[in-house]
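Novice: My questions concern the predicted model and sequence given below.
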Amino acid sequence: MTGLLIEDVQHAYDDTTVLRGVSLSVGAGEIVCLLGPSGCGKTTLLRIAAGLERLQSGHVSVGGVTVADGTRFLMPEQRGVGFMFQDYALFPHLTIQQNIEFGLDGLAPSAKEKRVKEVLEQVDLVGYGAGYPHLLSGGQQQRVALARALAPEPGVLLLDEPFSGLDETLRGQVREEILVILKDTGVATLMVTHNPEEAMFMADRMMVMGPGGTILQSGGPSDVYTQPTDEFVASFFGQINKLTGTVENGAVESLLGSIATPELENGLPVSIIIRADGIEISPDGSAGRAITVTSARPLGRSTFVRFSVVGEESDGSELRCRLPGLHADLVGQTMFASVIDGHAFVFPKSGKA
Amino acid sequence: MAIPVATIVILAMSSSDDIWAHLLSTVLPEYVMSTIGLMVGVAIGTVIIGVGTAWLVSTRDFPARRIFEWALLLPLAMPGYVIAFVYTDTLEFAGPVQGALRELFGWSSPRDYWFPEIRSLGGAIAMLSLVLYPYIYLTARTAFLEQSVTLLEAGRSLGRGPWRNFLTLAVPMARPAIIVGLTLAMMETLNDFGTVDFFAVSTMTAGIFDVWFNMNSIAGAAQIATLMLLFVVVLIVAERWGRRRQRFHQSGARVGHRPLRPLSGSNRYLAFLACFLPLALGFIYPAAVLTNMAFGEASSDALDGFFSAAANSLTLSGLAAVFAVAIALFLGYGMRLYPNRVLAVAGRFSSLGYAVPGAVLAIGVITPLAWLDNSVDGFARSYLGISTGLILSGTIVAVTFGYVTRFLALSLGAVETGLGRITPNIDGAARTLGHSPLSVLRRIHIPMMRGSILIAVILVFVDGMKELPMTLILRPFNFETLATQVQQFAKAEQFADAAPGALAIVAVGILPVILLSRVIPTRRQ
């Protein structure tokens, strides 16, 4: 059964259009991540789904029931949609217990108490019920926000940048915990984030939204990562090298060798996107082009390397890559670079670029 | 809110008699000249005291500076009509000062010496300056505290002395803030009736009462009121300008705390005196005189009247506070829920009430109410055969309505500040958890902004306790509040009998001063 269905939603603030015909669906028990840069209208889409923003055009249904279309508009309190806010929005004047009970008005006192106990157990915060939100750490506050949103057993849960308020070390741990809880409850979840790693980690299905307010690509996280259909999508997952070239005989010649492009017609000008993680460097000359390393900065798990290609093909420009391990001693050396299979993407040159 | 203002204009335009021409050829020029004279005088007085003391306490160190920081606000609790009779008592011919002088120099009659007449335009300027300077002190102080120290240090390093620095850098940078404070002080000056009436200075406010009660011409009063609205418009425009510029002037890099410059030798005592004088004259001395009179000399009749008047004042101010805050809550929350232009304009418009002098607003309130009463009465008489008389006019309802229109700006400001501190996501969270907007207001917003609501209640309540001109026009027959009672006793020269009521008003008036002193920043950045 479909938890959340959004069809052809358009939205504009004053003169600025932020959403142009966005459609998506989230099934029960499914986690869908909407990935996109800041300001692309992701949060607006969530607010429209929850009824916090009035639908201007399109159709929204929850659990098969239309909650907003051209004629009907169901208030947020009537939709049975849970929302977890970026800043958690816990009520500061209520205890944790009262915060969670806030969405359980219809229940008898004993049932309320039982449900609060259940969700507190679920988020591993038993014993914190009597405290106030400001006494909790960021990660704990977030789990309270999740417990509060889940307590009324909504059919759909919306998460707005759920991990952005946490520091780096906490983030990995918290998202693992939350993934387990969401999978346990089987709620249809739509999560919005600008962090590709987070989206890939959480998502059963992933959608990438461009700055123009349209969905550029959707699919399983690995598929989207390995087979981007769009230059923007390809460049959204971390650092890239962008080159240009022309298709000749089913392939395009790049600084780092020839890349096969069987589907593109001859003579087409193209952009070539090579991920920084997609370049191999070795002292062995059998594979790849000769290069000179111009700088190597250690990052911890990997080293950030800038290099330029040696020889007549070189136009003097620098390329960058990320090598596993520490290689600060490479500076000035001549090495050989090649593209790892499946890490270079070729797209017909868009009008602007 | 719009109704009273519109009424005044309509009344003034529709008058059939030639009052206007008559006014113009007789008293109006004097009204206008007195008003302008009073405003210019009070402007000079309040700016000098307000800016001077604000500069001293925010940039120099001298004895009792920390106490002056908040104590300089105290004169705000002293209504003009109260301080006026205190100084009349002190400085008139039979008062202690002139008595002592006569004793000292052996004079016996007023012909032997010259002494400034307190009951004059100059006296009114002095009185109002003493109680209104805190408006400028408050805004100027905030501006000085927010000025970057390095900017002033740059001025010094470029060879400017401290005085030139103050006049050419600090004051111009604080000018928008000073103007905001000055417009507030000017609105109060325009509003004042008690002081000018007592001193027989015929300003336009006094003129409204004169034309209405002595010449029996509501249309004439409305015409003066319309003319006053022009003054109000100028003040509002000036205030808006100041507020816009304030934001711009206060931006800029700020460098951490600097110790205040300690003053040397005699300068310390001069600075102390400069701050002590306005405080002593504007609050300590009059409060002491009032206390002395209230507990020593007031007649028992006056004390009897005091309690019924106090009960009336409490009732009226309490009602006004409750209604003003309730309306502000719904207006403020409405603007949050439906951020459309209509509500925003309604909100802005309703806050203009504070700028319109009480006497002017009262005319605008009483006329539509009288019309409503007459319509109801006419309807009842023709269909039911009974006369309902005047239901609203001259009742507590009318006074409360007047207070609410005038003080709504105060409560709306406090409520909007409170609501502004609650992120919209809190609303979203509560709504998605199944609560209607009204339930969210009751269970989330109101509990979260208890403090702001309390402030709103206190501000409206205290201003209600002090209010004089509207009450005089709108009150029921023989209905006395503390303010009207004080004014009456003072007019009858029964100063001791006026003291208990005056002291009570001052005591209540200290409440918002305490609130303010807790809000204002005390450290320089």
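Specialist: Okay, I see it.

Novice: Need the nearest residue in space to residue B:6, chain neighbours excluded.
Specialist: The shortest distance from residue B:6 to any non-neighbouring residue, by CB to CB, 6 or more residues apart in numbering or on different chains, is to residue B:364 (7.6 Å). No exception for glycine: its C-beta is placed from N, CA and C like everyone else's.

Novice: Cross-check the contact I'm expecting between the one you found and residue B:7.
Specialist: Yes. Using CB atoms under 8 Å, residue B:364 makes contact with residue B:7 at a distance of 4.4 Å.

Novice: all strands for the stretch 151-300 of chain A, in order.
Specialist: Counting by DSSP state E, counting those that start in this stretch, the stretch 151-300 of chain A has strands at residues A:156-160, A:188-193, A:205-209, A:215-219, A:240-248, A:251-254, A:257-260, A:269-275, A:279-282, A:289-298.

Novice: Of residue B:364 and residue B:7, which one has the most company?
Specialist: residue B:364 (27 against 21; other CB atoms under 10 Å in any protein chain shown).

Novice: ok, and for whatever helix or strand the more buried one lives in, which residues are buried?
Specialist: Assessed by DSSP states H and E, residue B:364 sits inside helix B:358-384. For helix B:358-384, a neighbour-count test (16 or more other CB atoms under 10 Å in any protein chain shown) marks B:358-370, B:373, B:377 as buried.

Novice: Give the buried residues for the helix or strand following that helix.
Specialist: Going down the chain from helix B:358-384, the next helix or strand is helix B:396-420, by DSSP H and E. Across helix B:396-420, burial judged by 16+ other CB under 10 Å covers B:396, B:398-416, B:418-419.

Novice: Let me know the next secondary structure element after helix B:396-420.
Specialist: Using DSSP H and E, the helix or strand that follows helix B:396-420 in sequence is helix B:424-432.

Novice: Against which helices or strands is that next one packed?
Specialist: Packing partners of helix B:424-432 (3 or more CB pairs under 8 Å, 6 or more residues apart in numbering or on different chains; DSSP states H and E): helix A:42-50, strand A:81-84, helix A:138-150, helix B:437-440.

Novice: Determine which stretch of the ones you listed is the most buried.
Specialist: strand A:81-84 (a mean of 28; mean count of other CB atoms under 10 Å in any protein chain shown).

Novice: With just CA atoms, put the very next helix or strand once past it into CSV.
Specialist: Heading C-terminal from strand A:81-84, the first helix or strand you meet, by DSSP H and E, is helix A:96-101. C-alpha atoms of helix A:96-101 as CSV (Å, rounded to 0.1, in the frame of the first residue of the first chain):
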residue,chain,number,x,y,z
ILE,A,96,9.9,14.7,27.7
GLN,A,97,6.8,12.7,28.8
GLN,A,98,4.5,15.6,28.1
ASN,A,99,6.1,16.3,24.8
ILE,A,100,5.4,12.8,23.7
GLU,A,101,1.9,12.8,25.1
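
Novice: pLDDT averaged over helix A:96-101 - what is it?
Specialist: For helix A:96-101, the mean pLDDT works out to 94.

Novice: Check which helices and strands the helix or strand just after that helix is in contact with.
Specialist: Under the assignment DSSP H and E, the closest C-terminal helix or strand after helix A:96-101 is helix A:109-122. Contacts defined by 3+ CB pairs under 8 Å, 6+ apart place helix A:109-122 against helix A:96-101, helix A:138-150, helix A:168-185.

Novice: so what's the residue of the stretch 201-350 of chain A found nearest chain B up against?
Specialist: Chain B sits closest to residue A:202 of the stretch 201-350 of chain A, with a gap of 20.4 Å, by CB to the nearest CB. By CB atoms under 8 Å, 6 or more residues apart in numbering or on different chains, residue A:202 lies in contact with A:31, A:33, A:175, A:178, A:179, A:191, A:193.

Novice: The fourth one and residue B:293: what is the separation?
Specialist: To residue B:293, residue A:178 is 71 Å away according to CB to CB, to the nearest Å.
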